[in-house]
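In: Kindly return the folded structure for what I paste below:
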Amino acid sequence: MNQDWATQSLPGKPLKGTDIPESVFESSWSFISATRDGLPGAVVRQAISALGYRELFADILEVPPSKLSRVYQLKQLNKSDSGSVLDTLQVFREASRTFECQDLVDGWLSVALPILGGQRPIDLCNPFEGRDLIRATMRKIRLGDFS
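Out: Numbers count the residues shown, from 1 in each chain. You can find the predicted model right below:
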């Protein structure tokens, strides 16, 4: 099942500002396939251009921000990095759906929250467990559970 997901004619628009088809986030199988195949390094550049958070993506990829241009040139990221980038983009996608406004998303990501131990959501985006906490917090917000 090793498919080149980036060149497939997959349904759905790409994630805003990137070449990643929306279907990658709507289907677990597409997400897994994209992770296994490896994202093109250019997707990292696109994500940073669309979202900002250059330091976050450098941290996720374990490179200094000054070396990100080398990442952009890679034909494909390894599976681990691809999965981490996709999972982080999924958090941003969920935040956009939760707050429906990029200014609100950016504000929420940048505020220390008691439910997150006084940490800012953006500071918890790496590693996976932090992203999982952010998702759980957004689920509570969507359900109106403010405990």
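
In: for this structure, longest helix please?
Out: Counting by DSSP state H, the longest helix found in the chain is helix 79-99.

In: Show me which residues of that one are buried.
Out: By neighbour count on 16 or more other CB atoms under 10 Å, the buried set for helix 79-99 is 81-96, 98-99. (Each C-beta comes from the backbone N, C-alpha and C, glycine too.)

In: which residue ranges form the helices in this protein?
Out: Secondary structure of the chain by DSSP H: the helices cover 23-26, 28-37, 42-51, 54-61, 68-72, 79-99, 102-109, 128-143.

In: Return the list of helices and strands in contact with the shortest one.
Out: The one in question is helix 23-26. Judged by 3 or more CB pairs under 8 Å, 6 or more residues apart in numbering; DSSP states H and E, helix 23-26 is in contact with helix 28-37, helix 79-99.

In: cool, and the fifth one?
Out: For helix 68-72, the contact count by 3+ CB pairs under 8 Å, 6+ apart identifies helix 42-51, helix 54-61 as packing neighbours.

In: Next one: residue 23 relative to residue 108, how far apart?
Out: 26 Å (CB to CB, to the nearest Å).

In: For the spatially closest residue to residue 82 that is not a sequence neighbour, grab the count of nearby residues.
Out: Distances taken as CB to CB, 6 or more residues apart in numbering put residue 39 closest to residue 82, at 4.3 Å, once the chain neighbours are dropped. Residues lying near residue 39 (other CB atoms under 10 Å) number 29.

In: still on that earlier bit, now the longest helix of the chain and helix 42-51, what's the angle there?
Out: 20 degrees (axes from the mean of the first three to the mean of the last three CA atoms, to 10 degrees).

In: Going forward, the N-terminal residue is numbered 3.
Out: In the new numbering, first residue 3, that becomes helix 81-101.

In: which outside residues touch helix 81-101?
Out: Residues from elsewhere that reach helix 81-101, judged by CB atoms under 8 Å, 6 or more residues apart in numbering: 17, 20, 22, 26-27, 33, 36-41, 45-46, 49, 53, 58-59, 62-63, 78-79, 104, 107, 110-111, 123, 127-130, 133, 136-137, 140, 143-144.
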